[in-house]
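**Student:** Pasted the sequence and its predicted model underneath.
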Amino acid sequence: MQNLAPIALFVYNRPQHTQRTIKFLQQNELAAESRLYIFTDGAKTSNDDEKVAEVRAIINKTEGFKSVKIIERKENAGLANSVIAGVTQLINDYGQVIVFEDDLVTSPHTLTYFNDALNRYRNEEKVMHIGAYMYPLKSESLPQSFFYRAATSWGWATWASAWAHFEPNIDTLLNQFDAKKKAAFSIENSMNFWKQMQEFKKGKNNSWAIRWYASIFLKDGLTLNPAQSLVNNIGHDGTGVHSGINDIYNVIINPKPITQFPEIIKENEAAYQTIKNFLSNRKGNMVSRIKRFVKEKLAQYFSK
């Protein structure tokens, strides 16, 4: 396979997560032929110094790729600024990029999936994002991969042509939504995407991902996704910047390669309905919600 995309890995202060993420990446079929760029953010406070140093010791020993380049920040930029700057840098240098954060375990076929899709849809203006994560959907009838409107941020890839439409200014984005677009953006109000936009405006989150999805949505773009996830997020243990303690989104990684890709550039209606149904019912009934709430609070207490 020619023209492999560079890999951007963003790390901070979670040495165990970082070690696992790298270990699984190393086991990918295309690892030895891929260039890995590791972006390590500076400590936010002195309390993080030790963990940041541990992470940097791990990444400085990383092998198993065509090349490994480490970009260290002395100051803390924060996850959103780090991702935006790092993705932009590699997009400018290579015209495409594969992106991971420090809490993702991958299938051995994840890099192959990304590169296959990047090459296949490179000239399709409507396709703006390749995602590797998918919710634990209960449907045997979906194709191996499909197009959908929303962008997942747990392992993804894109091209310079699509990233050029990324709009970081929240006001510019918010001003383009009417009631109909808000509902469509939120998967008919089954997911809190619009709330995330409002909370960013209020300074309650600093998500690059919600602005990227909004940028795609407002361009009437599509994202490619696998029916069974090729990554799993191991960061829902209270250690992540935006992740609480939760198992709703835990998945079993697809052990098989993706060999079938959609030929028609259009959102898959069956996939959309299946995802909407999952999102609408993901928290379960009231008893399930109370149990989960208690479990999360106990986990937070004992992790202190």
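**Tutor:** Nice, thanks for sending it over.
**Student:** From what I see, residue 5 and residue 100 are in contact.
**Tutor:** No. Residue 5 is beyond contact range of residue 100, at 11.9 Å (criterion: CB atoms under 8 Å). Every C-beta, even on glycine, is put in place using the N, C-alpha and C of the backbone.
**Student:** And for the spatially most central residue of the chain, nearest residue in space, chain neighbours not counted?
**Tutor:** Averaging the C-alpha coordinates of the chain gives a centre point, and the residue nearest to it by CA atoms, centre = their mean is residue 153 (1.8 Å). Sequence neighbours aside, residue 209 is the residue nearest to residue 153 in space, at 3.8 Å (criterion: CB to CB, 6 or more residues apart in numbering).
**Student:** Then residue 267?
**Tutor:** residue 147 (5.3 Å).
**Student:** same thing with residue 88?
**Tutor:** The shortest distance from residue 88 to any residue that is not its chain neighbour, by CB to CB, 6+ apart, is 7.2 Å, and that residue is residue 163.
**Student:** With residue 234 instead?
**Tutor:** Closest residue in space to residue 234, ignoring its immediate chain neighbours: residue 103 at 5.2 Å, by CB to CB, 6+ apart.
**Student:** Now that neighbour: phi and psi?
**Tutor:** With angles defined as degrees, to the nearest 10, residue 103 shows backbone torsions of phi -140, psi 30.
**Student:** what about it, how many residues close to it?
**Tutor:** For residue 103, the number of neighbouring residues by other CB atoms under 10 Å comes to 24.
**Student:** And it, how close does it get to residue 142?
**Tutor:** Applying CB to CB, to the nearest Å, one obtains 26 Å for the distance of residue 103 from residue 142.
**Student:** same check, this time on residue 35
**Tutor:** Applying CB to CB, the value for residue 35 to residue 142 is 33 Å.
**Student:** can you check residue 119 too?
**Tutor:** 23 Å.
**Student:** residue contacts, the closest residue in space to residue 192 that isn't next to it in sequence?
**Tutor:** Counting by CB to CB, 6+ apart, the nearest residue to residue 192 once its immediate chain neighbours are dropped is residue 186, at 7.2 Å. With contact taken as CB atoms under 8 Å, 6 or more residues apart in numbering, residue 186 is in contact with 192-194.
**Student:** Brilliant, that's me finished.
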